[in-house]
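Chemist: predicted model and sequence below, questions to follow.
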Amino acid sequence: MRFVLTFIFGACLCLAGANPALAQFPDNITAKMQAGPKFPCPPGGYYPPMYGIVGRNAGDGPAPTEAVSPCTPPEVVAAATSLGMARSHFNSPLGVKAVMTIMFTAQGTFATDGKTARPIEKLDFHVHYGLPGARLMVKVGEKLDITALNDDAAWKEISEGGAATPAMNRGREMLALTKLTPAGALWSVIEAEGHTQVSHVGGKTVLRGASPYDGMDVTVTLDANDRPESVKVVDGKTTYGATFGDYTDGFESLFLFVFPKHLAWTKNGRPFADLTVTAYKTNPYVVFPVPENVKHASAK
């Protein structure tokens, strides 16, 4: 796991996505709700994780949730707020990772071979940003291509959760694709904390940082509403890009989360995907257990 628990605040943080009734409370407008003691950012640019308490979506009791670091630039907090990622409940500490998991369904084109984008029937992408983990399912004709990721293990599946074949060479690309989503891009600059660079180019705010857990260089350009408009992810000699269009809260209007209806991805400047989103969920239950044969392969 990425996070180490240092101490827990006594107050309660609640995600609006946990229950439709919670969406009626002002804890959704979180940037104005931050309270409690102030902590200085250390010279190293990182602060030990601090936690509050959050009610789980499934109603199975309270759990710790990470509070925003005092090293996090306010522009990053504003961007997280714009997506619904920044949440606080009454006067509890603000957290900016309220979007822990997502899943979306889309149609359009995708490069199943990693090189050339071709028409597809359907694409389903399930992501857990905290693990990190993901499952990408792409249907082309009658064929279903499935790739899964859990931390440093990657594999191909015959069916969802079915028989698996190790595919370690796909792991870094799968991780990069999770960052070609609005929340995934912000997770990188959130985890970079005080190392995130903030600039203004052409009247737009640009955030650049690398998560210390994976080292991918992520640049996020925000639109006039502080939402991610475009993303660049550099991993060694490979550069991925994404643009997002037509944000809407229509997929989950009760919970004040937004997601784009259109995503366009590139790889080294070439089209990688052009997707029209048909369904989207925030913080669904997703799971990516590593098959035994994949565990053995990743241990070698």
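Modeler: Everything's here; your move.
Chemist: wasn't Gly171 part of a strand?
Modeler: No. Gly171 is assigned helix when assessed by DSSP: H, G, I helix; E, B strand; the rest coil, not a strand.
Chemist: please renumber so the chain begins at 42
Modeler: With 42 as the first residue, the last one maps to Gly212.
Chemist: check contacts around it.
Modeler: Gly212 makes contact with Leu190, Asp193, Ala194, Ala195, according to C-beta atoms under 8 Å, 6 or more residues apart in numbering. Yep, even glycine has a C-beta here, placed from its N, CA and C like the rest.
Chemist: what's the answer for Ala233, then?
Modeler: Gly250, Ala251, Ser252, Pro253.
Chemist: is it possible to export those to JSON lines including pLDDT and neighbour count?
Modeler: Output for the contacts of Ala233, formatted as JSON lines (pLDDT from 0 to 100; neighbours: other C-beta atoms under 10 Å):
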{"residue": "Gly250", "pLDDT": "98", "neighbour count": "25"}
{"residue": "Ala251", "pLDDT": "98", "neighbour count": "19"}
{"residue": "Ser252", "pLDDT": "98", "neighbour count": "22"}
{"residue": "Pro253", "pLDDT": "97", "neighbour count": "14"}
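Chemist: now intersect these with the strands, please.
Modeler: Using DSSP state E, the subset of those located in strands is Gly250, Ala251.
Chemist: from the contacts of Ala233, pick the one nearest Glu232.
Modeler: Ranked by distance to Glu232 (C-beta to C-beta), those are led by Ser252 at 4.0 Å.
Chemist: who's in contact with that closest one?
Modeler: Trp228, Ser229, Glu232, Ala233, Val259 are the contacts of Ser252 under C-beta under 8 Å, 6+ apart.
Chemist: apply 10 Å and report the result again.
Modeler: With contact taken as C-beta atoms under 10 Å, 6 or more residues apart in numbering, Ser252 is in contact with 43, 170, 173, 216, 220, 228-234, 236, 258-259.
Chemist: elements contacting the longest strand belonging to the chain?
Modeler: The residue-count maximum for a strand in the chain (DSSP E) belongs to strand 311-323. Under the contact definition 3 or more C-beta pairs under 10 Å, 6 or more residues apart in numbering; DSSP states H and E, strand 311-323 sits against strand 142-151, strand 159-169, helix 212-219, strand 279-289, strand 300-308.
Chemist: can you rerun that using 8 Å?
Modeler: Counting contacts by 3 or more C-beta pairs under 8 Å, 6 or more residues apart in numbering; DSSP states H and E, strand 311-323 is packed against strand 142-151, strand 300-308.
Chemist: tell me the first helix or strand C-terminal of that strand.
Modeler: With elements assigned by DSSP states H and E, the helix or strand that comes after strand 311-323 is helix 333-340.
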